[in-house]
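> output the structure for:
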Amino acid sequence: MAEIKTKPTKVPPKTFLKSIKDEQKRDDSLILLKIFEETTKLKPKMWGESIVGFGEYHYKSDRSSQHGDWPLIAFSPRATGITIYIMPGFKRYGDLLEKIGPHKVSGGSCLYIKKLENIHIPTLKTIIKKSVADMKKQHKV
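Numbers count the residues shown, from 1 in each chain. From the prediction side, this is the model:
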């Protein structure tokens, strides 16, 4: 059975985020850290080298033999912007995505944003809350 390679680490998320060289991305990521903590009421932890995750669930892929633990919701500062991982996908959040501001989504669970200043924060908080609630309904947490 294939197991996921990205696992929790002992690195404090704030330490990682403060090390980001790009000032805008660093500032946005530190604000996101606060937003996620306040909205989820969960403690953050680093997953691998660059993902800040909140909560945890165990999954097994229906399409492959891959399985493992993964955060309920997460974000990661990437080279081209910030990726927010909405684990249940976006099918239920279409109306909210229309209100959030400039973004792109993947077919899976990735919400890509460039600058937090362009994002409607109350809508982002609603997506975070709904996503975590949906994950808690679908998985043992």
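> any stretches of the protein with poor pLDDT?
Where the chain drops to pLDDT under 70, the residues are 1-4.
> for the helix or strand hosting Ile84, which outside residues touch it?
When elements are defined using DSSP states H and E, Ile84 is found to belong to strand 81-86. Identification of contacts with strand 81-86 by Cβ atoms under 8 Å, 6 or more residues apart in numbering yields 25, 28-29, 32, 51, 53, 71, 73-76, 93, 109-116, 124, 127, 131. Glycine gets a C-beta too; all of them are placed from N, C-alpha and C.
> ok, stretch 22-39 next?
Counting contacts by Cβ under 8 Å, 6+ apart, the residues outside stretch 22-39 that touch it are 13-14, 17-18, 20, 42-44, 52, 54, 73, 75, 77, 81-82, 84, 115-117, 121, 124-125, 128-129, 132.
> list only those of the contacts of strand 81-86 flagged as buried.
Neighbour counting by 16 or more other Cβ atoms under 10 Å classes 25, 28-29, 32, 51, 53, 71, 73-76, 93, 109-111, 113-114, 116, 124, 127, 131 among the contacts of strand 81-86 as buried.
> so Ile113 sits against Pro102, correct?
Yes. With contact defined as Cβ atoms under 8 Å, Ile113 counts as touching Pro102 (7.2 Å).
> now Asp117: phi and psi?
Just to correct that, residue 117 is Glu rather than Asp. Per-residue torsions, Glu117: phi -60, psi -20 (degrees, to the nearest 10).
> for the protein, what spans make up the helices?
13-18, 23-40, 94-100, 121-138 (DSSP state H).
> quick revisit: find residues that contact each of Ile113 and Pro102.
Ile119.
> excluding its backbone neighbours, what's nearest Ser50?
Across the structure, with Cβ to Cβ, 6 or more residues apart in numbering as the measure, the residue nearest Ser50 apart from its sequence neighbours is Ser76 (5.0 Å).
> again with Phe54
Distances taken as Cβ to Cβ, 6+ apart place Leu42 nearest to Phe54, at 4.1 Å, with adjacent residues excluded.
> distance check, the one you found against Lys34.
Leu42 sits 13 Å away from Lys34, going by Cβ to Cβ, to the nearest Å.
> and if you look at His103?
To Lys34, His103 is 20 Å away according to Cβ to Cβ.
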